[in-house]
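Novice: structure for this input, please:
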Amino acid sequence: MAVSKLACIYSALILHDDEVMVKEDKINALIKAAGINVEPFWPGLFAKALNNLNIASLICNVGVDGPAPAAGGAAPAGGAAPFSTAVPAEEEKKEETKKEESEESDDDMGFGLNIFD
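Specialist: The predicted structure follows:
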């Protein structure tokens, strides 16, 4: 199946590069010339899908409207980020004291979890 799709994609790109209208019969001709066996529905499917699309804009805009930025990225204009990663100072202090207490409790038992104690 992957070979069939790739053959149709490459055929469509070749046709576009030669400034030829992407049609089912033209895709079939290129696939036949390449000697590739493709399920018969793929060329028609690709021709219909690319019929009213600007292939040049598809090629040039790959990844432009990609996934959303990662958490902690720039905030959208006019407000704060919806998922802020900032931790209030009070919570940071609580976490630090908890870490220190857990380290001390390990030492109280006569051993530490750190390798280089």
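Novice: kindly check the end-to-end length of stretch 50-61 for me.
Specialist: Using Cα to Cα, to the nearest Å, the end-to-end distance of stretch 50-61 comes to 15 Å.
Novice: quick one: buried residues of that stretch?
Specialist: The neighbour-count check on stretch 50-61 (16 or more other Cβ atoms under 10 Å) flags L50 as buried. For the C-beta atoms, the positions are set from N, CA and C on the backbone; glycine is no exception.
Novice: could you give the mean pLDDT of that stretch?
Specialist: Averaging pLDDT along stretch 50-61 yields 83.
Novice: who touches that stretch?
Specialist: A12, L13, H16, V22 (Cβ atoms under 8 Å, 6 or more residues apart in numbering).
Novice: which residues of the protein score low on pLDDT?
Specialist: 65-117 (pLDDT under 70).
Novice: ok so, going back, drop anything exposed from the contacts of stretch 50-61.
Specialist: A12, H16, V22.
Novice: do I have it right that the last one meets I14?
Specialist: No: between V22 and I14 no contact is recorded; they are 9.6 Å apart, counting by Cβ atoms under 8 Å.
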